[in-house]
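Participant: Got a predicted model here, sequence first, then my questions.
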Amino acid sequence: MAQDVMFTMDGMLLNWLKEVGDSVTAGDIIAEFDADKATVEVEAPADGVLVATLIEVGDEIEEGTVIARIGEVGESASSGNGASQAPAKAESDAKPEAPPVATTPQTASSNEAARTPDGHIMASPIAKRIAADKGIELTQVAGTGPGGRIVKADVENLDPAKVVKPAAAAVSTSAAPTMPFQSYGKLPEGDDVVIIDMNRMRKAIAKGTITSMNTTPHFYVTIETDVGELLRLRKELNTQLADEGIKISVNDMVVKAVALTLKHFPNLNTHYYGDKFVQHKRINVAIAVALPDNGLVNVVSPDTDKTSLSAMAQYHVEMFVNVRDGKIKPEYVHGGTFLVSNLGAYGVESFSSIIDPPQSGALAVGAARKIPVVLDDGTIGVGNRMKVTLSVDHRVSDGAEGAQFLQHFKNLIENPMRLLV
Amino acid sequence: MASKNLPMREALRQALLEEMQRDERVFIMGEEVGHWQGTHRVTRGFVEEFGEKRVRDTPITEMAIGGLAVGAAMAGLRPVAEFMTINFAFLALDAIINHAAKVHYFFDGLVKCPVVFRAATGWGDQATASHSHTPEPIFAHFPGLYVGSPSNSTDAYGMLKASIRNDNPVLFTESIGLYSRPGPMPDDTDFLVPIGKGDIKREGSDVTLISYGRGVRWCLQAARQLEQEGVSAEIVDVRWLRPLDTDLIFESFKKTNRAVIVEESHQFYSFGSEVAAQIQEHCFDWMDAPIKRVTQHDVPVPFSKALEQLTYPNADDVVAAVKEIL
């Protein structure tokens, strides 16, 4: 009997390292997952043959999903089902002309299941049971029953290994793209171009951002803050902390202000799960950190609202250094409830962030810039200003709350002593 | 075991005759069963052989026939009560359902009611809306009553004998459309068809046709037609609507994964409804197609011969239903 291979975390499949039909030894790495932004390897639980892979590269799965089946050596995926093989042929050969069924057009030659107008795949109970037993993906089976229904004969003698899974098939051919993407025509070649394989992190980022932009209805709210007082306070604090080797960054203060603001706006510390919202009691601000070789990791500052600026500054430095050195520990990337992305160091005035689902909010922070401003007495003077743009999942919250959030945030930034108490 | 072919009416006559010879407690009562020799000639020659005491012509009152039969059975006799057609048995529903089916229960098994209610069932010859019913499922609805209806001479012989010898009340119907059809006769006078035991009338692998009585004949015709088109149909003749041989039905369905249920009666709350429900409940993971029912149309039976034919199912309907689910 085939043995299930289960993945015990939430994650996204990055690679199959074994193909269906390959022999495996217990402990062999058969797949790589991106889980919590770290690459997690899945080992074969037993000796045998990989008889079926049940998910595709790029699939996001939930904890406990069966991803593959390993059979005994010599066992094909189609064996193990006691049903006699003989009648099915007779059945299909003998099939009389079916009466025309108007509702669903049959996709006659394609290797894809016919669906009802609402997307339901029509398959008989016994066909579903056999498919499940053999690890056959019904979406890849063309039904020959009335209206294109998948019936017993369609799955009974089908070899799961021969059921083409488009993405998985693409992996085995090195030049083919492995991410779902709009075709832009033939891959350019020649001396004028360099063809670069998409690395795992870029694939993970691509998949995550596509998912977010395609499924999360973003809206954006921007506000300008006066950071004169904040910069002054930061300078003063850093002078006092110099002996201890602690240096508080503007970003640390922004992150702290975000955390304290979230305390008043729990709705934006809420994650979206279909028809349920998950409101997080802990505030763990995730901070987007650029990596030296083109990449990005969202590192988490746990209990941001309860952590002092000096402790936070020390932790952030340690974390950033480790991440940039490629030492990503699970606790660095796990449990973020809200995202802060800061491009201020590059002089960017303003930009907007893509939400990292299931989070429902992200704050994009621009540079603190010296600009001419209208002073209280009506004259023109020099001001220190910083623009921030809030991205919000409209399923979770609305514009007014986004605006109030920024109002509160601005108030903290402009009265920065409140970040210390 | 088979020796000679006889029409089903003769098989029934033979069975009843032998049981009356074997056990003097067995007697027949009903309209025209004696001197008229039986409406359907099942009791031909009986009054001459057994006399008026055991072959009782009754007035035209089904209520009395039913009541007398129940009383006689409770008192220790083994009556066979004949209703000229099942349509007239509606007048005796109180005796059949409220008494015969309940006596054993009411008296905690101390009193038995070994009565057989015989009746012609089905349609034909322009008997019109009130005389063309095939209502076995109505009777099979109630616990306490066995219900059987044979599809050929052999079964008719063995089923009627089993009914007469059983200590429980049995409603036994005989399809008008089958009375003249010849079939092999067993030569063993103790040949019995066990109550509740169905029969595979034809083996097949692609679809199971489930029926009883006259419907089995349409199934056999349809199976021959389907065979020419390369479709192998198995036929389950349940023979008894209650107790229903679900084991046999499930066994066949798990082999073919498809079923068409065929009956002479209407579709609503029908034999087919019950069998389909049983299959989906017990064989869900073996289903490869929706279960189809071939039945009489949902209208009263018209007098016009042409229209009468149109309201009833036939072998072509069975073939069409099979093709819908292949």
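Facilitator: Arrived safely.
Participant: From now on I want contacts and neighbour counts done on CA atoms only, so please keep to that.
Facilitator: Fine.
Participant: Indicate the residue of the stretch 301-421 of chain A located nearest to chain B.
Facilitator: Residue nearest to chain B within the stretch 301-421 of chain A (CA to the nearest CA): A:Pro358, separated by 36.9 Å.
Participant: any idea which element A:Gly335 lies in?
Facilitator: Following DSSP states H and E, there is no helix or strand that holds A:Gly335.
Participant: Count the residues that sit near the nearest residue to A:Ile380 once chain neighbours are set aside.
Facilitator: Once flanking residues are discounted, A:Ile380 sits nearest to A:Val374: 4.6 Å by CA to CA, 6 or more residues apart in numbering or on different chains. For A:Val374, the neighbour count with other CA atoms under 10 Å in any protein chain shown is 12.
Participant: Backbone dihedrals for A:Val374, please?
Facilitator: The phi/psi pair for A:Val374 (degrees, to the nearest 10) reads phi -90, psi 120.
Participant: quick one: average pLDDT of stretch B:52-67?
Facilitator: Mean pLDDT, computed over stretch B:52-67, is 97.
Participant: ends of that stretch, how far apart?
Facilitator: End-to-end distance of stretch B:52-67 (CA to CA, to the nearest Å): 19 Å.
Participant: Name the residues of it that are buried.
Facilitator: B:52, B:54-58, B:62-67 (16 or more other CA atoms under 10 Å in any protein chain shown).
Participant: Just list whatever residues bridge to the nearest residue to A:Ala35 once chain neighbours are set aside.
Facilitator: What sits nearest to A:Ala35 in space, not counting adjacent residues and going by CA to CA, 6+ apart, is A:Gly11, at 4.3 Å. Note on A:Gly11: beta-bridge partners by DSSP bridges are A:Ile61.
Participant: How confident was the prediction at A:Gly11?
Facilitator: Listed pLDDT for A:Gly11 reads 82.
Participant: The one 5 residues further on now?
Facilitator: Looking at A:Trp16, its pLDDT is 88.
Participant: what's around it, how many residues?
Facilitator: Considering only other CA under 10 Å, A:Trp16 is surrounded by 20 other residues.
Participant: swap in the one 4 residues further on?
Facilitator: Other residues within reach of A:Val20 by the criterion other CA under 10 Å amount to 18.
Participant: Three-state assignment for it, please.
Facilitator: Classification of A:Val20 using DSSP: H, G, I helix; E, B strand; the rest coil returns coil.
Participant: got it, and the one 10 residues further on?
Facilitator: Classification of A:Ile30 into helix, strand or coil gives strand, according to three-state DSSP.
Participant: hang on, isn't it packed against A:Val40?
Facilitator: No: judged on CA atoms under 8 Å, A:Ile30 makes no contact with A:Val40 at a distance of 11.0 Å.
Participant: Comparing the two, which residue is more hemmed in?
Facilitator: Between A:Ile30 and A:Val40, counting by other CA under 10 Å, A:Ile30 is the more crowded of the two (22 against 18).
Participant: Could you pull up the contacting residues of that one?
Facilitator: Listed by CA atoms under 8 Å, 6 or more residues apart in numbering or on different chains, the contact set of A:Ile30 reads A:16-18, A:41-44.
Participant: Also A:Ala52?
Facilitator: A:20, A:68-70, A:77, A:134-136, A:160-161.
Participant: Which one of those residues is nearest to chain B?
Facilitator: A:Lys134 (14.7 Å).
Participant: And the buried residues of stretch B:52-67, which two are furthest apart?
Facilitator: Taking CA to CA as the measure, the buried residues of stretch B:52-67 span a maximum distance of 20.7 Å, between B:Glu52 and B:Met63.
Participant: what sits up against the helix or strand containing A:Met213?
Facilitator: A:Met213 is part of helix A:200-215 when elements are defined by DSSP H and E. The contact list for helix A:200-215 (CA under 8 Å, 6+ apart) reads A:12, A:14, A:34, A:58, A:179, A:295-296, A:354-357.
Participant: can you list those in CSV and add distance to B:Gln21 and neighbour count?
Facilitator: As requested, those are exported to CSV (distance: CA to CA, whole Å; neighbours: other CA atoms under 10 Å in any protein chain shown):
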residue, distance to B:Gln21, neighbour count
A:Met12, 83, 25
A:Leu14, 85, 25
A:Asp34, 87, 22
A:Gly58, 83, 23
A:Met179, 87, 17
A:Gly295, 100, 14
A:Leu296, 99, 17
A:Ile354, 95, 22
A:Ile355, 93, 25
A:Asp356, 91, 22
A:Pro357, 88, 20
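Participant: Is it possible to get CSV of those that adds distance to B:Val262 and secondary structure?
Facilitator: Shown next, in CSV, are the contacts of helix A:200-215 (distance: CA to CA, whole Å; DSSP: H, G, I helix; E, B strand; the rest coil):
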residue, distance to B:Val262, secondary structure
A:Met12, 52, strand
A:Leu14, 55, strand
A:Asp34, 57, strand
A:Gly58, 51, coil
A:Met179, 54, coil
A:Gly295, 68, strand
A:Leu296, 68, strand
A:Ile354, 62, coil
A:Ile355, 61, coil
A:Asp356, 60, coil
A:Pro357, 56, coil
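Participant: With respect to per-residue confidence, which of those is lowest?
Facilitator: Lowest in pLDDT among the contacts of helix A:200-215 is A:Met179, which has 50.
Participant: Okay, and which of the buried residues of stretch B:52-67 map to helices?
Facilitator: The helices, defined by DSSP state H, take in B:62-67 from the buried residues of stretch B:52-67.
Participant: Ramachandran coordinates for the spatially most distant residue from the centre of chain A?
Facilitator: For chain A, the largest distance from the centre (CA atoms, centre = their mean) belongs to A:Asp377, which lies 50.2 Å off. Backbone geometry at A:Asp377, expressed as degrees, to the nearest 10, gives phi -90, psi 10.
Participant: Ok, the one 10 residues further on next?
Facilitator: The phi/psi pair for A:Lys387 (degrees, to the nearest 10) reads phi -100, psi 140.
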